[in-house]
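> sequence? don't have it. structure:
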């Protein structure tokens with residue numbers, strides 16, 4: 001069975017083609033096509049050229065944005081991110097054709113379900129607002145009622161084979177499925193991080209530290225049964241002593257020379273995580289609102305940045321959780337890494353800080 005779905009999530013950023021006022025939502029549109037053997041083909045996209053969070057980042061840094069990302073209050077292309085965010089709208093992917101797709105999915109999500117259209121729904125991330133009354137539409141098609149399952153699977157594989165015969169082509173969704181499979185046994189790291197210089201025992205894991213050129217370049221959580229490594233250099237010894245102090249006292253501070261590599265957005269996420277006090281947590285959505293526009297796409301980018309953090313504990317990504325639970329950790333959603341996150345959060349809340357509430 002294949003399906004496509006769309007839903008209205010936030011304030012409307014797309015104008016009708018030729019218009020000036022933002023009207024349509026960035027309805028995430030997804031299509032899923034199963035295969036007889038192998039992972040399904042998953043297409044998942046928004047209908048704007050770029051997510052609002054990237055424009056917010058450009059505004060914060062005082063940079064211009066490329067033409068084709070946004071429109072000003074007069075419906076003209078703009079390179080001014082402040083104008084785009086405060087008065088303008090986002091450019092639909094594909095120009096007029098993208099605007100027509102936005103119209104189509106707005107009607108599918110709102111008119112068919114009797115829900116609010118884009119401008120009638122306040123943002124989920126605003127502190128005040130109305131009941132958004134969002135609409136979600138899921139359309140399921142049973143191939144056996146049409147070409148038949150065998151013929152459907154055959155045709156899908158014909159398309160897949162034709163795509164993969166062209167060098168450089170990958171199937172949509174393939175990277176995510178590959179990442180999920182790898183995360184079950186932990187995440188892959190570059191070879192230079194696999195040469196650990198010391199490990200420190202914790203109740204739920206071993207913490208491994210890698211150094212290079214007098215800086216800490218990586219910290220990784222390993223299963224308890226992993227062989228221990230004695231400190232190979234003075235920096236590794238210093239890191240081990242600081243980790244041991246943290247293991248005994250969650251208020252212990254880290255003072256280590258670090259190699260921090262990442263995009264401007266990733267570094268913004270990591271800096272924000274470092275400002276979260278011990279014993280407190282923030283959600284992906286809260287960080288998305290602070291760093292960008294608070295949309296689902298930005299919150300997902302925050303989660304990706306948390307998972308890409310190569311210096312956990314020192315950069316406390318465990319303090320970022322989902323709105324409805326603990327969330328993932330180091331690109332994992334199950335297994336010993338989730339238990340590591342639970343232990344770290346419990347470790348950082350002192351017994352006297354628990355309060356009974358009626």
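Arrived safely. Fair warning: this is a prediction, and the values are worked out from it, not measured in the lab.
> excluding chain neighbours, what is closest to residue 329?
Nearest non-adjacent residue to residue 329, counting by Cβ to Cβ, 6 or more residues apart in numbering: residue 341, 4.1 Å away. Every C-beta, even on glycine, is put in place using the N, C-alpha and C of the backbone.
> where does the one you found sit: helix, strand or coil?
helix (DSSP: H, G, I helix; E, B strand; the rest coil).
> so what pLDDT did it get?
pLDDT recorded at residue 341 is 94.
> how about the contacts made by the residue nearest the centre of the chain?
In the chain, the C-alpha nearest the mean C-alpha coordinate belongs to residue 300, at 2.3 Å (Cα atoms, centre = their mean). If you count contacts by Cβ atoms under 8 Å, 6 or more residues apart in numbering, residue 300 has them with residue 284.
> I'd assumed it was in a helix, is it?
Yes. Counting by three-state DSSP, residue 300 is found in a helix.
> which residues in the stretch 151-300 of the chain form helices?
Applying DSSP state H, counting those that start in this stretch to the stretch 151-300 of the chain gives helices spanning 174-183, 191-194, 234-248, 264-274, 284-291, 296-307.
> quick one: closest of the ones you listed to residue 64.
Ranking the helices of the stretch 151-300 of the chain by proximity to residue 64 (Cβ to Cβ) places helix 264-274 first, at 14.9 Å.
> which secondary structure elements does that closest one sit against?
Packing partners of helix 264-274 (3 or more Cβ pairs under 8 Å, 6 or more residues apart in numbering; DSSP states H and E): helix 52-61, helix 284-291, helix 296-307.
> average model confidence for it?
Mean predicted confidence for helix 264-274 is 90.
> also stretch 278-287?
Per-residue scores along stretch 278-287 average to 90.
> list the buried residues of stretch 39-59.
Neighbour counts over stretch 39-59 (16 or more other Cβ atoms under 10 Å) mark 41-42, 46-59 as buried.
> stretch 135-142 too?
Buried-residue list, stretch 135-142, by 16+ other Cβ under 10 Å: 135, 137.
> so how far is that stretch off the chain centroid?
25 Å (Cα atoms, centre = their mean, to the nearest Å).
> so what's the residue nearest to residue 329 up against?
Residue 341 sits next to 318, 326, 329 when contact means Cβ under 8 Å, 6+ apart.
> and it, how far from residue 319?
Look at residue 341 and residue 319: by Cβ to Cβ, to the nearest Å, they are 10 Å apart.
> which residue ranges of this protein form strands?
With DSSP state E as the criterion, the chain has strands at 2-7, 14-15, 22-24, 29-33, 41-45, 70-71, 77-78, 89-90, 136-141, 198-201, 206-212, 215-222, 282-283, 320-321.
> as TSV, those strands with distance to residue 246 would be great.
Compiled in TSV, the strands of the chain are given as follows (distance: least, Cβ to Cβ, whole Å):
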stretch	distance to residue 246
strand 2-7	42
strand 14-15	47
strand 22-24	47
strand 29-33	42
strand 41-45	39
strand 70-71	44
strand 77-78	48
strand 89-90	43
strand 136-141	44
strand 198-201	9
strand 206-212	9
strand 215-222	11
strand 282-283	20
strand 320-321	18
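> in terms of mean pLDDT, which of these ranks lowest?
strand 2-7 (a mean of 44).
> quick check: which ranges of the stretch 101-250 of the chain have low pLDDT?
118, 121-129, 182-194 (pLDDT under 70).
> burial count for the residue lying closest to residue 319 once chain neighbours are set aside?
Excluding its sequence neighbours, the residue lying closest to residue 319 (Cβ to Cβ, 6+ apart) is residue 276, at 4.4 Å. Using other Cβ atoms under 10 Å, residue 276 is surrounded by 17 other residues.
> count the neighbours of residue 83 for me.
Around residue 83 there are 18 residues (other Cβ under 10 Å).
> so who does the residue lying closest to it once chain neighbours are set aside touch?
Of all residues not flanking residue 83 in the chain, residue 72 sits nearest, at 4.9 Å (Cβ to Cβ, 6+ apart). Applying Cβ under 8 Å, 6+ apart, we find residue 72 in contact with 78, 80, 83, 84, 87, 88.
> only whichever of these are buried, select them in ChimeraX.
To isolate the buried members of the contacts of residue 72 in ChimeraX, using 16+ other Cβ under 10 Å:
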select :78,80,83,84,88
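> wait, which of the contacts of residue 72 is closest to residue 102?
Comparing the contacts of residue 72 against residue 102 with Cβ to Cβ places residue 88 closest, at 15.8 Å.
> follow-up on the earlier one: next, work out how far apart the residue nearest to residue 83 and residue 62 are.
Distance check for residue 72 against residue 62: by Cβ to Cβ, it reads 18 Å.
> quick check: residue 50 touching residue 67?
No. Judged on Cβ atoms under 8 Å, residue 50 makes no contact with residue 67 at a distance of 11.7 Å.
> so residue 22 is in contact with residue 52, correct?
No. Residue 22 sits out of contact with residue 52 when judged by Cβ under 8 Å, with a separation of 10.8 Å.
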